[in-house]
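# Sequence and predicted structure, then a few things I'm wondering about:
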Amino acid sequence: MPSPEDIANRILDHKTSLNVDGLLDAVIALYNDCNIPVLKRTQNIDAFLQRNQSSISHLENHRLKCSDFDAIKVIGRGAFGEVRLVRQKVSRKVFALKLLNKNEMLRRADTAFFWEERDIMAYSESEWIVRLHYAFQDMTHLYMVMEYMPGGDVANLMLNYEISEEWARFYVAELVLALDALHSMGYIHRDVKPDNILISSTGHIKLADFGSCVKIGDDGFARCSSAVGTPDYISPEMLEQQGTEGIYGKELDWWSVGILLYELLIGEPPFYADSIPHTYARIMNHSTNLFFPEDIHISDAVKDLIQQFLSDAKIRLGRNGIQEVKNHRFFKNEKWTFDNIQHSTPPYVPTLNGDDDTSHFEDFDDQNEADVANGFSPPKAFTGNQLPFIGFTYSNELGPIAALKSTVLN
Ligand SMILES: CN(C)[C@H]1CCc2nc(NC(=O)c3cccc([C@H]4CCCN4C(=O)Nc4cccc(C#N)c4)c3)sc2C1
């Protein structure tokens, strides 16, 4: 028999789907999905809208919203949206604000991938994972308010610097620890690549962009049919299981670390080809397709590490856990160990002028409002378009849950 306390605790628990933020999402979604001309002709619906209009407007004005932030610059763009550097008006703090366009997601029936990203960034306490401060939404977008990483991504670093083995050793060592943190949370990243590794103001890295992550089952495997990831970084087992209900483990991410290490040192990924099918063919035949250019000298240690990552899943380094990766001789050095690397001085510390310096990000043309707004006509029937997004809103220290806890529980 659920007691009142049980219900109160559930409503105040960040991790339940129907906590205060989720309940408010539900009420607002119901209102907005009913608030269309053709439905207003039904008396019950029109009366419901009239009766609740002021409460809904009050909520939409007092919950976190896009206009609470000043946009400074677009710093990234992805399939369903973009990331902007923004400054919160009241706190004057800067954040990276990621927008995902609801209409794009609905149009492509792709409305579930963002849950892993939200949960990982919201609940991880790891210094290796970009933190989510708030998540909110309105009629057209989902928003994630994340910590700003002013050093830019490793892809941008590779464009501007020639990466030595010492630099590669540092970044790959921190990536190994970051992936171990994500794996320990029970997720496989599935899209490890230079663009998803961000550099903080101190020069240390963090993992970002968890849209392709998948939960690992109790048996240590993830089941997922859709092949995701970036062509050059996709593992052979992901390609082999194309279309079928793929089963893979954490070793999927270790393959990508091998690709990344090769690209850091050589300047392009090992199985690069002039077309995607050709790249896939080379990945499938990786054991006879892995070459190291004669004109670039790299140590035997790093070649061995790359080869052990770019092996079949059954014999790939890392399949028995992170220790066998840490023990590899490539990581032996005078400057840091895996236990103290996060407190060591990185090889490269970004020079920054102010908290809103975006010089480590490439320029993105500001798309005109038209295609961002992508004006659409109201639906002709109840479509439930807002339903897939109920429960996405998340507010930690400054939200209604915290406020209620301080009043109710004290
Ligand atoms: C096919 N289905 C199943 C899904 C598979 C996974 C998936 N991921 C998507 N993802 C997106 O649509 C998207 C939108 C904006 C930015 C970004 C990244 C790519 C560019 C930069 N970026 C990002 O997240 N940057 C970021 C993140 C955190 C902090 C900072 C900073 N500072 C910057 C991705 S759409 C989509 C479809």
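Great, that's in hand.
# Next up, the contacts around the residue lying closest to residue 186 once chain neighbours are set aside.
Spatial nearest neighbour of residue 186, chain neighbours left out: residue 216 (5.0 Å); criterion: CB to CB, 6 or more residues apart in numbering. Placement of C-beta: from N, CA and C, glycine included. Applying CB atoms under 8 Å, 6 or more residues apart in numbering, we find residue 216 in contact with 183, 186-188, 222, 249-250.
# Just the residues you listed: which are in helices?
Among those, DSSP state H puts residue 183 in helices.
# just the contacts of residue 216: which has the poorest pLDDT?
Scanning those for pLDDT, the smallest score is found at residue 222, 88.
# So that one versus residue 116, what's the distance?
In this structure, residue 222 and residue 116 are 11 Å apart, going by CB to CB, to the nearest Å.
# shared neighbours, these two?
With contacts taken as CB under 8 Å, 6+ apart, the residues that reach both residue 222 and residue 116 are 214-215.
# Low-confidence ranges, this protein, go.
Where the chain drops to pLDDT under 70, the residues are 2, 367-376, 408-410.
# Show the residue spans covered by the strands in it.
With strands called from DSSP state E, the chain shows them at 69-78, 81-88, 94-101, 132-137, 141-146, 187-188, 197-199, 205-207, 214-215, 222-224, 246-248, 394-395.
# Quick one: those strands as CSV, columns for distance to the ligand and mean neighbour count too.
Compiled in CSV, the strands of the chain are given as follows (distance: least, CB to the nearest ligand atom, whole Å; neighbours: other CB atoms under 10 Å):
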stretch, distance to the ligand, mean neighbour count
strand 69-78, 2, 16
strand 81-88, 4, 20
strand 94-101, 3, 22
strand 132-137, 9, 23
strand 141-146, 5, 23
strand 187-188, 13, 24
strand 197-199, 6, 24
strand 205-207, 8, 24
strand 214-215, 10, 18
strand 222-224, 9, 17
strand 246-248, 13, 18
strand 394-395, 15, 22
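# Select, out of those, the one closest to residue 326.
strand 205-207 (16.6 Å; CB to CB).
# So which residues make contact with the closest one?
When contacts are taken as CB under 8 Å, 6+ apart, the neighbours of strand 205-207 outside the stretch itself are 127-130, 149, 154, 171, 174-175, 178-179, 181-182, 189, 192, 196-200.
# mind redoing it with 7 Å?
Here strand 205-207 makes contact (CB atoms under 7 Å, 6 or more residues apart in numbering) with 128-130, 149, 171, 174-175, 178, 182, 189, 196-200.
# before we move on, what about stretch 51-60?
With CB under 7 Å, 6+ apart as the test, stretch 51-60 has contacts from 24, 28, 31.
# Also stretch 236-245?
For stretch 236-245, the external contacting residues (CB under 7 Å, 6+ apart) are 223, 225, 227, 229, 246, 248, 252, 280, 283-284, 286, 313.
# Go again with 6 Å.
Applying CB atoms under 6 Å, 6 or more residues apart in numbering, the contact partners of stretch 236-245 are 223, 225, 227, 248, 280, 283-284, 313.
# Name the residue of the stretch 201-350 of the chain that lies nearest to the ligand.
Nearest residue of the stretch 201-350 of the chain to the ligand: residue 211, at 2.7 Å (CB to the nearest ligand atom).
# tell me the phi and psi of that residue?
According to degrees, to the nearest 10, the main-chain angles of residue 211 amount to phi -60, psi -20.
# Compute the number of surrounding residues for it.
20 (other CB atoms under 10 Å).
# got the contact list for it?
113, 117.
# Mind doing that once more with 10 Å?
78-80, 98, 100, 110, 113-117, 190-191, 196, 228 (CB atoms under 10 Å, 6 or more residues apart in numbering).
# coming back round to it: can I get the buried part of the contacts of stretch 236-245 as one ChimeraX selection?
Selection of the buried residues among these in ChimeraX, burial being defined by 16 or more other CB atoms under 10 Å:
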select :248,280,283,313
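# Tell me the residues of this structure that contact the ligand?
Counting by CB under 6 Å from any ligand atom, the positions of the chain adjacent to the ligand are 76-83, 96, 98, 100, 110, 113, 130, 146, 148-149, 198, 208-209, 211-212, 226, 228.
# which ones are touching the nearest residue to residue 364 once chain neighbours are set aside?
Counting by CB to CB, 6+ apart, residue 74 is the residue found nearest to residue 364 once chain neighbours are left out, at 4.2 Å. If a contact means CB under 10 Å, 6+ apart, then residue 74 has 82-85, 99, 358, 361, 363-367 as its contacts.
# Please report how far the residue of the chain most remote from its centre lies from residue 29.
Of all residues in the chain, residue 43 sits farthest from the chain's C-alpha centroid, using CA atoms, centre = their mean; the distance is 43.6 Å. Noted for residue 43: a distance of 22 Å to residue 29, by CB to CB.
# go on, residue 81?
Where residue 29 is concerned, residue 81 sits at a distance of 20 Å (CB to CB).
# what does residue 146 give?
The span separating residue 146 from residue 29 equals 24 Å under the rule CB to CB.
# Could you identify the pair within the contacts of strand 205-207 that is furthest apart?
189 and 200 (18.5 Å).
# Name the residue in these two with the higher neighbour count.
Between residue 189 and residue 200, counting by other CB under 10 Å, residue 189 is the more crowded of the two (24 against 18).
# Leaving out chain neighbours, which residue sits closest to residue 393?
Counting by CB to CB, 6+ apart, residue 21 is the residue found nearest to residue 393 once chain neighbours are left out, at 4.2 Å.
# what about that neighbour, how many neighbours?
Residue 21 is flanked by 25 other residues according to other CB under 10 Å.
# residues contacting the single nearest residue of the stretch 301-410 of the chain relative to the ligand?
Per CB to the nearest ligand atom, residue 361 is where the stretch 301-410 of the chain lies closest to the ligand, at 7.8 Å. Under the criterion of CB under 10 Å, 6+ apart, the contact list for residue 361 reads 73-76, 83, 85, 96, 149-153, 156.
# all helices for the stretch 301-410 of the chain, in order.
Secondary structure of the stretch 301-410 of the chain (DSSP state H, counting those that start in this stretch): helices located at 323-326, 369-373, 400-408.
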